[in-house]
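[1] Quick one: sequence and predicted model below, then my questions.
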Amino acid sequence: MDATSRPAVVIDNGSGYTKMGFAGNVEPCFILPSVVAVNESFLNQSRASSSKANWLAQHSAGVMADLDFFIGDEALAKSRSSNTYNLSYPIKHGQVDNWDAMERYWQQCIFNYLRCDPEDHYFLLTESPLTAPESREYTGEIMFETFNVPGLYIAVNSVLALAAGYTTSKCEMTGVVVDAGDGATYVVPVADGYVIGSSIKSIPIAGKDVTLFIQQLMRERGENVPPEDSFEVARKVKEMHCYTCSDIVKEFNKHDKEPAKYIKQWRGIKPKTGAPYSCDIGYERFLGPEVFFNPEIYSSDFATPLPAVIDKCIQSAPIDTRRALYKNIVLSGGSTMFKDFGRRLQRDLKKIVDARVLASEARLGGEIKSQPVEVNVVSHPIQRFAVWFGGSVLASTPEFFAACHTKAEYEEYGASICRTNPVFKGMY
Amino acid sequence: MILLQSHSRFLLQTLLNRVQNLEKAVELDYHWVEFDDVRYHILVSMKNPNVLLLSVSLPIPPPEAVFMGGLPFGAIEAIKATYGVVVQILDPPRDGFNLTLKLNLGKLPPDEGSTSSFSKEHPAIPHLKSICTLCEVLEASKINSCYFRRFLCGLEHRYALLVKIASVREVVLGAPLRVVLKHLSSRTVIPGIDGLLALVHRSKESFFLVPQPDKVTVIFPMRFKDSIDIAFATSFLQEFVEARRTAGLNSAPPCLWSPTPPLELKEAPAEALSANAGFVSFVIFPRHVEGKKLDRTVWNLSTFHAYVSYHVKCSEGFMHTRMRRRVESMIQALDRAKPGVEGRKKSPNSRSFKRLSLKEARANSIS
């Protein structure tokens, strides 16, 4: 039986969560935090201090130590319950940071979670548009050498996010992808399936910063949250209660007038003592997502709001693609899941565009009327794993297998073949 | 992780999810593939949210293996014995699958009423995500009543049943092996089977059993595709046999590895005897299949190839880790050997490339 007759494995490694599953399904099988808990207690012990019998025990434990690790939620649970495990986050800001941890992570994904034989399946992995070609080579090396995969395709995650949109409406492979994950936010213009590399804009504000901001707000207000738990609580608050408002001042007024309606309660249990506690969640519900629209409330280094960045990005793209780009702005990533995020973005962006159109008309003296620019922010219910879904759709087309780098090609030419991954027919 | 778990993680997760949100009707249509070419398919329709159709397709059997109606012998009986009334076998199975099970999730013990009333009484547990989180919450909130105990006991029972359903692969594919080993524990041989017995474990590959009243010899021809894998597997298996001789493992099944087919296989067809990583044989005695040990023995034997292949991949990964570490340390040594790096670093604001005279350069390198 040929590997092309089996569904391909699609793994989307994000800095916050990893989405994995088999092509052709609508949802990933697992969504796990991208974290590895490694037992390194045997690595750091000095050899000299132990006697010989002890050494043997240590040696065999050390041999097992390379299998003694956990990923995802299990890793978080292990590190909480015992202190022999160290957490390591293999992906930072959308780039693989620790290749050892990454290799282990993939190993567990394949053997423990998906439980498939990597030799039987083609693989589709994702990367951010700014990843260096060397890191694609590394990925290829690990996939072909360690796991012996028959074929590999490394897709750009923003292109996949666009592909996720096309099944619901029509085949549109031109658009701007606003990809706000946990570690990085990118605005990526794509024309006919090709990324316009020179116009990619990145923003140093992402899901993690929203969490940090909420944590800071709660701490400054003096909420009764145990300090060791405060980051987790802030994350949960972000995921469960945050929303985007249309106007900060009005929202503050609303909260002040009807606190009972807007202020939520958080109940938890202190991890050390086991005593229950509760705290209020107030303004941070709308101030958290506001970080994207008014970054100055969070950091002084970066003060350009997200709509302005998107506008700048489109303005720097080739002039004949701009209208199409404004028409199809696609949201992807967990940090765009706040309620009404898309509506707010569309409104703010429309304002900027309309102002520019008015200004140019005034400059021309009202003689020439330009066609109004259509601004459209697309949001769909699967935003959280839109990239994975796009990958699943693409990997189930018959053209996918032809576009993959195969094991034979890898053996013939080496890891450098993974540097480029062709845009293939199924994409548009 | 050293041993592969017998239940499919994703299947268990889906079942748990379904059971906990039974009142919420959803459409589910999943298909996925496990190692050794076992395919699964789950179907839940909006109309009938209580009914879950689970289809399984097995690896293609080689000609020498005994199959009845697309299933290994004894599989139907094993399914009926393990699952009871919860599961119904559909005949014929869905197109392209060997077996379709119809699960009625509404009929799981204990009935839905007691769980929902319990959740109502204790609103602190709105979603019973899993047994573990539930236990954590309960331990923390110190709920301790006989009602709770009964509830938990029922829940555990149900959880065990779901795990059993999730390990449907073990039940179906391991059925013939289980029958043979069951007979071994009562020290008899199945009537009508003499000499060699071939069982499928991978697509078009089989392993062999030699049942005898007091012992069963299990022989695996090991095959790998990649030449590196063959080398790794060969040395792994030799180490494996060696490890069996250490003092702590006296009661483990005796285990042998040989590059040529062992004598027991002389009746086997020639194409089944081409194994590029040698032959492993285990001798299973009645003490290895007593009581609860039977399940684990069946699972470990029927997935032995997957186990070896997993460890081959792990050791390859481990070697790569060490190679990377080595390269890193070498690059560090090279970096340290570069002359004049420190001198340049000291003045961060001099961006331009100022050409140094020979004298200055020497002074820099000395300081």
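    That came through fine.
[2] any chance you could map the helices in chain B?
    Using DSSP state H, the helices of chain B run over B:9-20, B:75-83, B:112-121, B:131-141, B:146-166, B:168-173, B:175-185, B:227-244, B:293-302, B:304-337, B:341-345, B:358-366.
[3] Go through those helices and name the closest to A:S416.
    Closest of the helices of chain B to A:S416 is helix B:304-337, at 17.4 Å (criterion: Cβ to Cβ). C-beta coordinates here come from the backbone N, C-alpha and C atoms, glycine included.
[4] helices and strands around that closest one, which ones?
    Secondary-structure packing of helix B:304-337 (3 or more Cβ pairs under 8 Å, 6 or more residues apart in numbering or on different chains; DSSP states H and E): helix A:99-108, strand B:197-202, strand B:205-211, helix B:227-244.
[5] quick one: which of the helices of chain B has the weakest pLDDT on average?
    When the helices of chain B are compared by mean pLDDT, helix B:112-121 comes last with a mean of 44.
[6] before we move on, the earlier item: same list (the helices of chain B) but as a markdown table, adding mean neighbour count.
    Formatted as a markdown table, the helices of chain B follow (neighbours: other Cβ atoms under 10 Å in any protein chain shown):
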| stretch | mean neighbour count |
| --- | --- |
| helix B:9-20 | 19 |
| helix B:75-83 | 17 |
| helix B:112-121 | 14 |
| helix B:131-141 | 14 |
| helix B:146-166 | 16 |
| helix B:168-173 | 23 |
| helix B:175-185 | 22 |
| helix B:227-244 | 16 |
| helix B:293-302 | 20 |
| helix B:304-337 | 15 |
| helix B:341-345 | 12 |
| helix B:358-366 | 11 |
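[7] for these, which one sits closest to A:C279?
    Per Cβ to Cβ, nearest to A:C279 of the helices of chain B: helix B:131-141, 17.7 Å.
[8] domain assignment for chain A?
    For chain A, the TED database gives the domain ranges A:3-157+A:383-418, A:169-204+A:304-378, A:207-291.
[9] Among these, which comes closest to chain B?
    domain A:3-157+A:383-418 (4.2 Å; Cβ to the nearest Cβ).
[10] nearest spatial neighbour of the residue most central in space within chain A, skipping sequence neighbours?
    Geometric centre of chain A, nearest residue: A:G181, 3.5 Å, by Cα atoms, centre = their mean. Distance criterion Cβ to Cβ, 6 or more residues apart in numbering or on different chains; nearest residue to A:G181, sequence neighbours excluded, is A:G333 at 4.2 Å.
[11] Check B:Q238 too.
    B:W257 (6.0 Å).
[12] Next, the contact list for the residue nearest to A:G282 when sequence neighbours are not counted, please.
    Of all residues not flanking A:G282 in the chain, A:I263 sits nearest, at 4.9 Å (Cβ to Cβ, 6+ apart). Contact analysis of A:I263 by Cβ atoms under 8 Å, 6 or more residues apart in numbering or on different chains lists A:H255, A:D280, A:I281, A:G282.
[13] just A:I11 next, same as before
    By Cβ under 8 Å, 6+ apart, A:I11 lies in contact with A:T18, A:K19, A:M20, A:W106, A:C109, A:F123, A:L124, A:L125, A:T126.
[14] repeat for B:V26
    Contacts of B:V26 by Cβ under 8 Å, 6+ apart are B:V44, B:M46, B:P49.
[15] Would you mind measuring from it to B:M46?
    In this view, B:V26 and B:M46 are 7 Å apart by Cβ to Cβ, to the nearest Å.
[16] Can you give me the pLDDT of the residue nearest to B:Q238?
    pLDDT for B:W257: 92.
[17] what's the burial count for it?
    B:W257 has 21 neighbouring residues, counting by other Cβ atoms under 10 Å in any protein chain shown.
[18] Who are the contact partners of B:A306?
    Counting by Cβ under 8 Å, 6+ apart, B:A306 has contacts A:D117, B:L4, B:F35, B:D36.
[19] thought the second one was touching A:R115?
    In other words, B:L4. Yes. If you go by Cβ atoms under 8 Å, B:L4 and A:R115 touch, sitting 7.4 Å apart.
[20] So if I had to pick from the two, which one is more boxed in?
    Neighbours per residue, other Cβ under 10 Å: of B:L4 and A:R115, the larger number sits with A:R115, 23 against 16.
[21] Drop anything exposed from the contacts of A:I263.
    Neighbour-count burial within the contacts of A:I263 applies to A:H255, A:I281, A:G282; the criterion is 16 or more other Cβ atoms under 10 Å in any protein chain shown.
[22] residues in contact with the second one?
    Yep, that's A:I281 we're talking about. Contact partners of A:I281, counting by Cβ under 8 Å, 6+ apart, are A:M218, A:V237, A:H241, A:I263, A:K264, A:Q265, A:W266.
[23] secondary structure class for the first one?
    It refers to A:M218. helix (DSSP: H, G, I helix; E, B strand; the rest coil).
[24] The stretch 101-250 of chain A: helices as residue ranges?
    Here the stretch 101-250 of chain A has its helices, by DSSP state H, counting those that start in this stretch, at A:133-141, A:157-166, A:207-220, A:230-241, A:248-257.
[25] Pull the residues that contact the shortest one.
    So the one you mean is helix A:133-141. Contacts of helix A:133-141 (Cβ under 8 Å, 6+ apart): A:95-96, A:99, A:125, A:127, A:152, A:154, A:405, A:410, A:415-419, A:421.
[26] one more time with 6 Å
    Applying Cβ atoms under 6 Å, 6 or more residues apart in numbering or on different chains, the external contacts of helix A:133-141 come out as A:V96, A:I154, A:A415, A:C418, A:R419.
[27] can you check the fourth one too?
    With Cβ under 6 Å, 6+ apart as the test, helix A:230-241 has contacts from A:V210, A:T211, A:I214, A:Q215, A:V225, A:K264, A:I281, A:R285, A:G288.
[28] repeat for the longest one
    Taking contacts as Cβ under 6 Å, 6+ apart, the residues outside helix A:207-220 that touch it are A:182, A:230-231, A:234-235, A:237-238, A:284, A:288, A:291, A:298, A:334-335.
[29] With the last one instead?
    Contacts of helix A:248-257 from elsewhere in the structure, counted by Cβ under 6 Å, 6+ apart, are A:C245, A:Y262, A:F286.
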